[in-house]
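Enquirer: Got a predicted structure here, sequence first:
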Amino acid sequence: MLTNKGKYGLKAMVHLAGQPPGQPALVADIAAANDIPKKFLDAILGELRNAGLVHSKKGRGGGYTLAKSPVDIMVGDIVRALDGPLAPIGCASRNFYRRCDDCPSEKRCHVRLMMLEVREAMADVLDHRSLAAMRDLYAAESELTYYI
């Protein structure tokens, strides 16, 4: 399940993807526009900076910008940076595999087999959708809502 940290991080990244290229956005502005607690957003943006997804600049004219074009940032990278592995259980994770203590045979474990399928489905969506696609979907949805 996506945590609030992951959800707020995605909202902030979509906000930054909507900025003109290279134009920084202030944390307070991102927080206010997306109803995110500012202090929490500060920590989230710090994690995204450490993951190489955003750049920050202090002082006059400072703020946050995307580290790459929104087309080159995959939604899965953002989710993993903030929430960790996509797999619902450790033994279904590709990059953070952890064997279950209570499982005598992974090859016959019905729970693991189902969670492998869940992980693959999530990764297929999140790793093949760019931040630009997410931003554009949001924009299209907002326009639809406006006209309804």
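Expert: Perfect, I can see it now. Numbers count the residues shown, from 1 in each chain.

Enquirer: what's the helix or strand for residue 28?
Expert: Take DSSP states H and E as the rule and residue 28 turns out to sit in helix 27-34.

Enquirer: Name the residues that touch that helix?
Expert: For helix 27-34, the surrounding residues in contact (C-beta atoms under 8 Å, 6 or more residues apart in numbering) are 8, 11-12, 15-16, 36-38, 41-42, 45, 63-64. (Glycine included, C-beta is placed from N, CA and C.)

Enquirer: let's go with 6 Å and repeat that
Expert: Helix 27-34 is contacted by residues 11, 12, 15, 38, 41, 42 when judged by C-beta atoms under 6 Å, 6 or more residues apart in numbering.

Enquirer: any idea which of those has the most stuff around it?
Expert: residue 12 (24 neighbours; other C-beta atoms under 10 Å).

Enquirer: which SS class is that one?
Expert: Under DSSP: H, G, I helix; E, B strand; the rest coil, residue 12 falls in the helix class.

Enquirer: got a list of what it touches?
Expert: Per C-beta under 6 Å, 6+ apart, neighbours of residue 12: residue 30.

Enquirer: Distance of it relative to residue 33?
Expert: For residue 12, the distance to residue 33 (C-beta to C-beta, to the nearest Å) stands at 9 Å.
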